[in-house]
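1. Predicted coordinates and the sequence they were generated for:
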Amino acid sequence: MFVSFEGIEGCGKTTQVELLTTFLSQRGIPHLITREPGGTSLGKLIRKMLLDPANSEMEPLTELFLYAADRAQHIAQVIRPALETRQWLICDRFADATTAYQGYGRGQDLAFIQQLNQWATQGLWPHLSLLLDCPVEVGLDRARRRIEDSALEGREDRFEQQALAFHQKVRTGYLELAAQNPARFRILDATMELERLHEEIVTILEPYLNQKN
């Protein structure tokens with residue numbers, strides 16, 4: 001079972017992935033947690049380049065190709081092997097994020113991104129994509145408070161530094177992707193209390209828990 005978590009900055013994906021990890025462990029379900037970018041050793045280097053605020057002059061097309069390179073390596077080295085061993089694969093963002101951020105957010109050609117994603121994924125897509133949706137202002141406020149509470153000394157990454165309009169476009173992109181792929185996507189209200197949101201996610205996943213794929 002391949003499940004992706006999607007959403008804008010500060011939507012709470014990483015927290016919900018952690019809660020789901022605990023749940024799956026308690027149920028004795030073999031699983032692997034990964035993320036994009038950065039799910040491989042090579043991917044970690046790519047992630048550093050993509051998120052570093054010092055790379056503010058990175059061209060949108062360069063950014064797009066770096067995400068595709070990360071994904072191709074991720075599929076070959078992590079995702080496909082995990083699925084072949086019948087593990088659950090939980091991914092913090094996948095190819096839909098590229099369409100939302102680099103397509104809708106950056107204005108790159110959507111048809112080209114779709115073709116690039118098909119090559120990078122080799123046609124392998126999540127069985128289920130959970131979109132944690134919240135207003136942009138809520139997400140960015142959460143992201144900035146997280147930075148203030150951490151050891152990052154107020155350092156935002158390249159995407160958190162983007163203008164509000166950029167993040168609005170990304171959210172719109174995600175919602176349009178969900179509307180275009182209703183069989184795969186589930187939209188959840190990311191403003192609800194953490195435990196309640198976790199319970200809703202578990203309810204969605206419950207029918208899949210006894211499946212063998």
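-> Yep, that arrived.

2. For Glu193, grab the count of nearby residues.
-> 8 (other C-beta atoms under 10 Å). The way it works is simple: take the backbone N, C-alpha and C, and place the C-beta from them, glycine included.

3. Got phi/psi on it?
-> phi -60, psi 140 (degrees, to the nearest 10).

4. ok, it to Thr99 distance?
-> 30 Å (C-beta to C-beta, to the nearest Å).

5. any weak-confidence spans in the chain?
-> Within the chain, the stretches with pLDDT under 70 are 147-161, 211-213.

6. Helices along that one, start to end?
-> Ranges of helices in the chain, per DSSP state H, are 13-26, 41-51, 60-74, 80-84, 95-98, 110-121, 136-149, 164-180, 194-205.

7. So which of those is nearest Phe2?
-> helix 80-84 (6.1 Å; C-beta to C-beta).

8. Show me which residues of the closest one are buried.
-> For helix 80-84, the neighbour count (16 or more other C-beta atoms under 10 Å) marks 82-83 as buried.

9. which outside residues touch that helix?
-> Residues outside helix 80-84 that contact it (C-beta atoms under 8 Å, 6 or more residues apart in numbering) are 2, 32, 34, 89, 122, 124, 213.

10. how about CSV for those residues, with distance to Leu131 and neighbour count added?
-> Formatted as CSV, the contacts of helix 80-84 follow (distance: C-beta to C-beta, whole Å; neighbours: other C-beta atoms under 10 Å):
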residue, distance to Leu131, neighbour count
Phe2, 15, 20
Leu32, 21, 17
Thr34, 18, 20
Leu89, 18, 22
Gln122, 23, 12
Leu124, 19, 15
Asn213, 22, 9
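
11. Geometrically speaking, which residue is the centre of the protein?
-> The structure's the chain has its C-alpha centroid closest to Arg93; by C-alpha atoms, centre = their mean the separation is 1.4 Å.

12. If you drop the residues flanking it in sequence, what lies closest to that one?
-> Distances taken as C-beta to C-beta, 6 or more residues apart in numbering put Glu36 closest to Arg93, at 4.8 Å, once the chain neighbours are dropped.
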